[in-house]
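build me a structure from this.
(chains A, B and C)
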Amino acid sequence: MNICLEYKKVKRTGFIQLFLCGAILAAVVPVVNMVFRTEMYTSIHNTPVQILLGANWQLMAMFNVLVIVTGTCLLYHIEYDNNSIQKLKSLPITESQVFLGKAALSVIMYMSVLVIEAGAVIFCSCHWFVTGDGFWKELCQNFIYSFIMGLPCIALSLLVSEACKNMWMSFGIGVVCVFTALILPEKPFFLSLFPFAMPFKMLAGTKHVINYIYASAAWIAVTSLAELLLIKIRRSFE
Amino acid sequence: MNFLSLLSVEYKKIKRSKIFLILFAAAFILWIPSIINSDLNFHMETEGISPENNFFIQGFMAMSWFMFPASIVVVTVLLNQTERADNGIIKMLSLPASTVKLSLAKFIVMLSLAAAQILILTGAYYASAAIVSVIQDYNFILPPLFVAKETGIIFLSALPMTAFFWMVSVCIQTPVFSVGTGMASIVPSVLLINTKAWFAYPMSYPLFVVSSEYGKLAANLETAQPELIPWLPVAVVITIICLVISCSCFGWAARR
Amino acid sequence: MNIIETKNLVKTYSGFTAVSGINLHIPKGEVYGFLGPNGAGKSTTMKMFLGLVKPTSGSFTIDGKKYPGNRIEILKETGSFIEAPAFYGNLSGEENLEIICKILGLPKSSVSEALELTGLTQFGKRLAKKYSLGMKQRLGLASALIGKPPVLILDEPTNGLDPAGIHEIRMLIRSLPEKYGCTVLVSSHLLSEIELMAGNIGILNRGHLLFEGTLEELRQDASAKGYPADNLEEMFLAMIDEDNRKRGAVI
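Residues are numbered from 1 along each chain as shown, chains lettered A, B, ... in the order given. Have a look, this model is predicted:
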């Protein structure tokens, strides 16, 4: 029910269009790359999914993360603008329920983005490569992994947006976090667990995949606790 | 109302906005990985670049590709939301102040914050170079004149990009679209600097300038060098067009 | 029977007491006028009732339910309009009310009822950001009245309305207890406004409750103090003045 409410609230804000445009831009990356570098990529001996994601995922993930940061900023901006958050607080709905509704909406949009990007990978694979057995399984595994890796980023961005009344603060913090993710080295291991760096992780070439999945679950749990703490702290200062 | 008074009013509006917190955070976070991986600067024999030059150029390359343009987009959000919240823009438009001057004053504020970010980054560079010099027992600090020249060129090359972001934020009222357009336009610059048409894409100017400097400092590396023609005239034309559009369209939505 | 009761309710901010140990008794099924000059503590008190602001000390019950333990239950029964209209500018008036309708679990017909009650039916499909000040005020009222809650907390509901609108809303508020069994707590800084709406009043100044009772009791009080009973405004202003002088002397 909360997701439907949150979906209603984002009408005419450009939220859905943002995710769609981000998805299309990200989906265009492998297509354009293949158009201009066909021979280079078709001569590589590997599965089409690995070749395409290996060459394009960093840029595609960049679009995904930027779309997540911008979208989550918007979700709380519409509450703080015109003070509707005050009305919401005087209704029989808890702030955690609102947060969950917004998180669920963001997750659904992120899933849609990944589906569109997967569509582009399918197109490139069918057009320029020969898809063997196991293509669909490999594709699903990679994108499900990318979905799981994106969840901590969504949760943390949303938490930051809730904490900051001004959009430039939440957006600025998001941008700094994205930048931090770009420049953080892979080693030591714990640095690669930074939530904004996790969407850049690909299934192929990642050692200890299960550790990253556990880390994603742990980040979601930590963010949920932080959200409850934030609500409590804010109430005590009101 | 003269332009300088208007400018001082615009600076007053960003008081207590905490934008400098964001700029400082970005500047210092940039150099932390460089400090942690400072030993890697001694393994650049293939590129033929000295450790201190590599330390400098890697940091500024990371800054010029994403952090600096993204900070400018954040600043446009700040300037717009300051006006839109509580309908401040309606009050501004009902005062005897030219909208052209208002738009230009805000653009100058944007440039000031961009300059401030570069200054903060330079300060952070010197602090981290000093730390790394102690850690590695090697002087990583470059002469101030050289650093000033490089940062000055980066700032000047960012003028068309800043004008473009300002134009987008004035013309596109929906915050998510103006921000989204700005951020999306930053991403392809890393690809476009390798094309011949890089000069037509203002978001790639700072990165192109830094990577061309990298080519100059690295003996075994060749990178494209900027040619003033057609770059300079195209950059000037883009800046003028963006400023003309933003000055004519400023406040159009509030006056509809 | 009192539907809202407060016990020594206090709210202090750093170095400043907004509400100072007030004991309110708001009878069920009546319009209670909460009167006081700007900065008296009316909005702060109302915000405490809604859980928007945490009381520093003291307690209150609304319809037998205590805050903060029964906060959600209290909010299910309370419609409110605090300070300024709060809405989603990107949604139409109707869409704004649909959201509240869904949260309160009300039938869809409540939206059109609320729009009709506040005279917004023909503007229901317009975006809220394009509403005039008066329309925004009416939208805020509609969001409070939707579903005809048992308790209504309205903070200066006639602000920004034209004289016809003020009259309309005043008549509406007056009719609510009789028609729908609502209890209305309405605040204003204008005694003339409250006189026309409320049967019981509480007068607040600088966080202190100076008077609580019926209008008749206030008139008797005015007579006893030598003020003309038909000019309660003078009585009210004198009361506030005296209190300000007392507090000024104490300080």
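
ranges for the helices of the stretch 101-250 of chain B?
Assigned by DSSP state H, counting those that start in this stretch, the helices in the stretch 101-250 of chain B fall at B:144-157, B:159-171, B:175-186, B:189-192, B:205-217, B:228-249.

of all these, which one comes closest to B:Val109?
helix B:159-171 (10.0 Å; CB to CB). C-beta here means a position set from N, CA and C on the backbone, and glycine is covered the same way.

what's the average pLDDT for the closest one?
Mean pLDDT, computed over helix B:159-171, is 93.

hey, C-alpha coordinates of that helix in PDB?
Extracted in PDB, the C-alpha atoms of helix B:159-171 (Å, rounded to 0.1, in the frame of the first residue of the first chain):
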ATOM      1  CA  LEU B 159      34.000  28.300 -17.700                       C
ATOM      2  CA  PRO B 160      32.000  26.900 -20.700                       C
ATOM      3  CA  MET B 161      31.000  23.900 -18.700                       C
ATOM      4  CA  THR B 162      29.800  26.100 -15.800                       C
ATOM      5  CA  ALA B 163      27.800  28.300 -18.300                       C
ATOM      6  CA  PHE B 164      26.200  25.200 -19.700                       C
ATOM      7  CA  PHE B 165      25.200  23.800 -16.300                       C
ATOM      8  CA  TRP B 166      23.800  27.300 -15.400                       C
ATOM      9  CA  MET B 167      21.800  27.400 -18.600                       C
ATOM     10  CA  VAL B 168      20.400  23.900 -18.000                       C
ATOM     11  CA  SER B 169      19.300  24.800 -14.400                       C
ATOM     12  CA  VAL B 170      17.600  28.000 -15.600                       C
ATOM     13  CA  CYS B 171      15.800  26.500 -18.500                       C
END
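
against which helices or strands is that helix packed?
helix B:68-84, helix B:99-136, helix B:175-186, helix B:205-217, helix B:228-249 (3 or more CB pairs under 8 Å, 6 or more residues apart in numbering or on different chains; DSSP states H and E).

return the set of buried residues in the strand ranked longest in chain C.
What stands out as the longest strand in chain C, according to DSSP state E, is strand C:2-13. Of the residues in strand C:2-13, C:2-4, C:6, C:9-11 count as buried by neighbour count, 16 or more other CB atoms under 10 Å in any protein chain shown.

equivalent analysis for stretch B:180-197, please.
Buried residues in stretch B:180-197 (16+ other CB under 10 Å): B:180-193.

pLDDT at the closest residue to B:Ile186 other than its chain neighbours, what is it?
Residue nearest to B:Ile186 in three dimensions, not counting chain neighbours: B:Pro69, with 4.6 Å by CB to CB, 6 or more residues apart in numbering or on different chains. Looking at B:Pro69, its pLDDT is 92.

picking that back up, out of the buried residues of stretch B:180-197, which two sit at the greatest distance?
Farthest pair in these, by CB to CB: B:Gly180 and B:Ile193, 22.2 Å.

what does chain A have sitting close to chain C?
A:1, A:4-5, A:8-13, A:78, A:81-87, A:89-94, A:235-236, A:238 (CB under 8 Å from any CB of the partner chain).

also near chain B: which of those residues, exactly?
Restricting the residues of chain A next to chain C to those near chain B - CB under 8 Å from any CB - leaves A:13, A:81.

weed out the non-buried ones from the residues of chain A next to chain C.
Using 16+ other CB under 10 Å as the burial test, those include A:5, A:9-11, A:13, A:78, A:81-82, A:84-87, A:89-94 as buried.

got a list of what the residue nearest to B:Ile186 touches?
By CB atoms under 8 Å, 6 or more residues apart in numbering or on different chains, the contact list for B:Pro69 reads B:158, B:161, B:165, B:182, B:186, B:189, B:203, B:206.

helices of the chain, start to end?
Answering for chain A, as no chain was given. If DSSP state H is used as the criterion, the helices of chain A fall at A:2-9, A:15-36, A:38-42, A:48-80, A:84-89, A:95-128, A:135-163, A:167-183, A:209-237.

sorry, I should have been clearer: chain C.
In chain C, the helices defined using DSSP H lie at C:42-49, C:71-77, C:93-104, C:109-117, C:133-145, C:163-180, C:191-197, C:215-224, C:232-250.

please export the C-alpha coordinates of stretch C:219-238 as PDB.
C-alpha atoms of stretch C:219-238 as PDB (Å, rounded to 0.1, in the frame of the first residue of the first chain):
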ATOM      1  CA  ARG C 219     -18.600  38.100  29.900                       C
ATOM      2  CA  GLN C 220     -19.400  37.800  33.700                       C
ATOM      3  CA  ASP C 221     -15.700  38.300  34.400                       C
ATOM      4  CA  ALA C 222     -15.600  41.300  32.200                       C
ATOM      5  CA  SER C 223     -18.700  42.800  33.900                       C
ATOM      6  CA  ALA C 224     -17.200  42.100  37.400                       C
ATOM      7  CA  LYS C 225     -14.000  43.900  36.300                       C
ATOM      8  CA  GLY C 226     -16.000  46.900  35.000                       C
ATOM      9  CA  TYR C 227     -15.600  46.300  31.300                       C
ATOM     10  CA  PRO C 228     -18.600  46.500  29.000                       C
ATOM     11  CA  ALA C 229     -19.800  42.900  28.600                       C
ATOM     12  CA  ASP C 230     -20.500  43.400  24.900                       C
ATOM     13  CA  ASN C 231     -16.900  44.500  24.200                       C
ATOM     14  CA  LEU C 232     -15.000  41.400  25.000                       C
ATOM     15  CA  GLU C 233     -12.100  42.600  22.800                       C
ATOM     16  CA  GLU C 234     -11.300  45.300  25.400                       C
ATOM     17  CA  MET C 235     -11.400  42.800  28.200                       C
ATOM     18  CA  PHE C 236      -9.200  40.400  26.300                       C
ATOM     19  CA  LEU C 237      -6.600  43.100  25.400                       C
ATOM     20  CA  ALA C 238      -6.600  44.400  29.000                       C
END
